[in-house]
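>>> A structural model of the following input is requested.
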Amino acid sequence: MDAPPLEAVVFDMDGTLIDSSRVVPAAFIATIEELGGSTLDRDEVIASYVLGPPATIMEHFLGRSVEPSEIDGYHARLRAEAERRGVQPYPGIPEALEALARSVALGVFTNADLGNVDVLLGAAGLRDRFAVVVDADEVAPNFKPAADGLLLACERLEVPAARTAYVGDSPQDGETAHHAAALAVAARWGHLMQDVGGFDVVADRPTDLPAVLGLT
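Residues are numbered from 1 along each chain as shown. Below you'll find the predicted structure:
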């Protein structure tokens, strides 16, 4: 029996839609050092993304709880880094989104918090491309690979998860899709992508997505 036709495509944000592999680590490194923590390197920060949203990552590196004002300070640093370094969609993402939007609803579910979403999607010029954006603040403490955020995105899009593809670049993203009974799509271009074995289908480039998903 053929799989049901897709009605929505939901994306991870960092490493899938936008290349934030310099901006986000730089903001964390500067913030943690300012708050009295150790001097981190970029790889340490990237490895911590599996922990959850920025507050959880900051608590991990500082060894204590963080105040809302300290999280605000991180977001301010992120905005400054985004303005200084620039934040761009991966090559082909705007074209892929335009093509996909002709056939399906588009959304985002990310383990980043609302502050990150506002800064990064805004800086990349992508915020208006999506009907729904779900961030970690809305599903805490059930972060990826829990399915809560993806299911919430599907609910808001009024589309069954079984007719949704979730596109991401980390093993957590594949797990999240499967926990929601959605199609797991590997973004091979993403900076966290190492093993596509946990995904159902693979797209080498953003512009491959319509064909990979049978939407051409």
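
>>> which secondary structure elements does the least confident helix or strand in the chain by mean pLDDT contact?
Here the helix or strand of the chain ranked lowest by mean pLDDT, DSSP states H and E is helix 42-47, holding a mean of 92. The contact analysis (3 or more Cβ pairs under 8 Å, 6 or more residues apart in numbering; DSSP states H and E) places helix 42-47 against helix 23-34. Heads up, the C-betas are built off the backbone N, CA and C, glycines and all.

>>> buried ones in the helix it packs on?
Neighbour counts using 16 or more other Cβ atoms under 10 Å place Val23, Val24, Pro25, Ala26, Ala27, Phe28, Ile29, Ala30, Thr31, Ile32 of helix 23-34 among the buried residues.

>>> who's in contact with the third one?
Pro25 makes contact with Leu40, Arg42, Val45, Ile46 under the criterion Cβ atoms under 8 Å, 6 or more residues apart in numbering.

>>> try 10 Å this time
Going by Cβ atoms under 10 Å, 6 or more residues apart in numbering, Pro25 touches Leu40, Asp41, Arg42, Asp43, Glu44, Val45, Ile46, Ser48, Tyr49, Glu81.

>>> just the buried residues out of the residues you listed, in ChimeraX syntax.
Command for ChimeraX that selects the buried part of the contacts of Pro25, burial taken from 16+ other Cβ under 10 Å:
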select :40,45,46,48,49,81
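
>>> so which of the contacts of Pro25 comes closest to Leu62?
Leu40 (10.9 Å; Cβ to Cβ).

>>> the closest one against Val24, yeah?
No: the pair Leu40 / Val24 is not scored as a contact, 12.0 Å apart, by Cβ atoms under 10 Å.

>>> is it possible to export the buried residues of helix 23-34 to JSON lines including distance to Gly107 and pLDDT?
Converted to JSON lines, the buried residues of helix 23-34 look like this (distance: Cβ to Cβ, whole Å; pLDDT from 0 to 100):
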{"residue": "Val23", "distance to Gly107": "23", "pLDDT": "95"}
{"residue": "Val24", "distance to Gly107": "21", "pLDDT": "96"}
{"residue": "Pro25", "distance to Gly107": "26", "pLDDT": "96"}
{"residue": "Ala26", "distance to Gly107": "28", "pLDDT": "97"}
{"residue": "Ala27", "distance to Gly107": "25", "pLDDT": "97"}
{"residue": "Phe28", "distance to Gly107": "26", "pLDDT": "98"}
{"residue": "Ile29", "distance to Gly107": "31", "pLDDT": "97"}
{"residue": "Ala30", "distance to Gly107": "31", "pLDDT": "97"}
{"residue": "Thr31", "distance to Gly107": "29", "pLDDT": "98"}
{"residue": "Ile32", "distance to Gly107": "31", "pLDDT": "98"}
